[in-house]
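Participant: Here's a sequence, model it:
(one chain, ligands or ions: 2)
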Amino acid sequence: MATHDIAIIAGDGIGPEVTREAFKVADAAAELFGFGLAKTEYPFGSQHFLDTGEIWPDAAFEEVKGMGALFLGAIGDPRIEVGKIEYGIIARARFDLDLYLNVRPIKLYDERLCPLKGKTVEDIDMVIIRENTEGAYTGTFGFAHKGQALEVATQTMVWTRAGVERAIRHAFEVASTRPRRHVTLIDKANALRSQDLWTRVFAEVAAEYPEITTGHDYIDAACMRIVNTPEDYDVAVTTNLFGDIITDLGAMLQGGMGIAASANLNPGKVSLFEPIHGSFPQAAGTNTASPVAAILAGALMLDYVGEREAGAAIEATVVDLFRSGRLKGVEVGDHPTPEVGDLVTQALRERVSG
Ligand code: IPM
Ligand code: MG
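Facilitator: Ligands and ions are numbered 1, 2, ... in the order given. As a prediction, this is how the structure comes out:
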């Protein structure tokens, strides 16, 4: 029996509540499909920082490097300086584990979840590949004349040919496994002229995949198109910042922040799985937030560690629950948080063992 070492940082706000449900389901899948999950839970997050002054000690970070996957609930707490825990935990994992791909599937599971008129589940089924270690997120910023009238603030977007190429190449690889075989580059090369690097590298990589068709949108037009004709997108590849923004928009098309899951990957190495949503501190401790995104992040995690059948079964179970109406939706108040984990676990058992 394969056993997978999993690190868990449930984190802040609703993080612990949704993480508990994600592992209720993942543990049931392990039992049903015959594999083991050896979980190590870490207390890191804002409360731990407030209590101990510690963010993510190096020894624990090193430990995680040897595991199969890291699951993150949510990070963010209004009591703490903006960015401190985000950079100390999420960005640290992304940068120091070189998780260079942020893969964000945007898939409509049931028509009634979509806020757009007349769109079907066939129309909204795309994967956005967000470059995850460069761009506006490298932390190359600064201030001059701080506090003075002539203060200057800078933040540099940084791209390397290698970084751009590996993200674009992954998009083509993903597209080659999908029926539509189409990749769109989303950038702002008309204004950010340094993005000419993306234009050139995209053309070079595309030439190696003659069976895949390509498209290009500037990010502003992409925001329009994803709402107007989401069916135009199959796989899209974009920068760290544009990917951050457009995947929140994409999450709404799927039915809300409570659904969207993501994989932060360094293929072959320890990778991070998380819901796209934040810590939603107003709802913390109330058991009202939907754990569906976390459960689906768990499914992506199982798929990644090699438990493909288990990952697919969890996703299919969630789809059935939405389509049959047993899962009403992912808005606050639709279901108490633990009820969703129970529903999915029970339906998964029925699906697998009858
Ligand atoms: C995300 C989040 C993070 C990001 C924040 C919490 C730093 O919005 O994962 O999309 O901007 O990448
Ligand atoms: Mg975001």
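
Participant: who are the neighbours in contact with residue 277?
Facilitator: 74, 251, 257-258, 260, 293 (C-beta atoms under 8 Å, 6 or more residues apart in numbering). In short, each C-beta sits where N, CA and C put it, glycine included.

Participant: got a list of what residue 114 touches?
Facilitator: Contacts were defined as C-beta under 8 Å, 6+ apart; by that measure residue 114 touches 108, 124, 253-255.

Participant: And for residue 318?
Facilitator: By C-beta under 8 Å, 6+ apart, residue 318 lies in contact with 109, 292, 295-296, 299, 327, 344.

Participant: can you list those residues in a markdown table and add pLDDT and secondary structure?
Facilitator: As requested, those are arranged in a markdown table below (pLDDT from 0 to 100; DSSP: H, G, I helix; E, B strand; the rest coil):
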| residue | pLDDT | secondary structure |
| --- | --- | --- |
| 109 | 97 | coil |
| 292 | 98 | helix |
| 295 | 98 | helix |
| 296 | 98 | helix |
| 299 | 98 | helix |
| 327 | 97 | coil |
| 344 | 98 | helix |
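
Participant: The residues you listed: which ones sit near ligand 1?
Facilitator: Near ligand 1, taking C-beta under 6 Å from any ligand atom as the test, no member of the contacts of residue 318 is found.

Participant: for the residues you listed, which one is nearest ligand 1?
Facilitator: residue 296 (15.0 Å; C-beta to the nearest ligand atom).

Participant: Please name the nearest non-neighbouring residue to that closest one.
Facilitator: Residue nearest to residue 296 in three dimensions, not counting chain neighbours: residue 261, with 3.8 Å by C-beta to C-beta, 6 or more residues apart in numbering.

Participant: Likewise for residue 5?
Facilitator: Closest residue in space to residue 5, ignoring its immediate chain neighbours: residue 67 at 4.1 Å, by C-beta to C-beta, 6+ apart.

Participant: Read off the pLDDT value for the one you found.
Facilitator: We note a pLDDT of 97 for residue 67 in this prediction.

Participant: With residue 354 instead?
Facilitator: In this prediction residue 354 is given a pLDDT of 80.

Participant: And for residue 333?
Facilitator: For residue 333, the model assigns a pLDDT of 89.
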